[in-house]
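Trainee: coordinates for the following, if possible.
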Amino acid sequence: MTDAQIIVFPLTRRVGKIRTVAATLSGMKTDKMARAYRLQITTGLLNHLGNLGVAPIDQNEPVFEFWRAVFDEISRNIEGAA
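Mentor: Okay, here's the model as predicted:
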């Protein structure tokens, strides 16, 4: 019997989700709201990866890269508005 490897669709390729999260996060009026939203999204991503069978130790990097893509999108929107 061989070990199976789970390959999931990269979170950084979920452009629609990244843009939606970036726009929502940019519109937050307080830091408290933004923190709660980030926690909500992170929890959802971790649950999604867990449900797909991704080991907990392998979940951090994709979520980190997702947030990097979100903040890159926010930066692009700020630069485009200037």
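Trainee: any regions of the protein where pLDDT drops low?
Mentor: Low-confidence segments of the chain, defined by pLDDT under 70: 1-2, 82.
Trainee: centre-most residue in it?
Mentor: Closest to where the C-alpha atoms of the chain average out (CA atoms, centre = their mean) is residue 66, at 3.7 Å.
Trainee: could you find the closest non-adjacent residue to it?
Mentor: Leaving aside its sequence neighbours, residue 66 sits nearest to residue 11 (CB to CB, 6 or more residues apart in numbering; 4.0 Å). From N, CA and C alone the C-beta is placed, and that goes for glycine too.
Trainee: rewinding a little: tell me who's in contact with the residue nearest to the centre of the chain.
Mentor: Residue 66 makes contact with 11-12, 14, 18, 45, according to CB atoms under 8 Å, 6 or more residues apart in numbering.
Trainee: again with residue 24
Mentor: By CB under 8 Å, 6+ apart, the residues touching residue 24 are residue 37.
Trainee: ok, back up a step: quick one: the residue nearest to the centre of the chain from residue 42, how far?
Mentor: Shown here: residue 66 relative to residue 42, a distance of 9 Å by CB to CB, to the nearest Å.
Trainee: the helix or strand harbouring residue 48: which residues count as buried?
Mentor: Counting by DSSP states H and E, the element that carries residue 48 is helix 31-51. For helix 31-51, the buried set under the neighbour-count rule, 16 or more other CB atoms under 10 Å, comprises 41, 45-46, 49.
Trainee: in the helix or strand following that helix, which residues are buried?
Mentor: The C-terminal neighbour of helix 31-51 among helices and strands, as given by DSSP H and E, is helix 60-81. Neighbour-count burial for helix 60-81, counted by 16+ other CB under 10 Å, picks out 62-63, 66-67, 69-70, 73-74.
Trainee: okay, angle between helix 60-81 and helix 31-51 too, please.
Mentor: If you take axes from the mean of the first three to the mean of the last three CA atoms, to 10 degrees, helix 60-81 sits at 140 degrees to helix 31-51.
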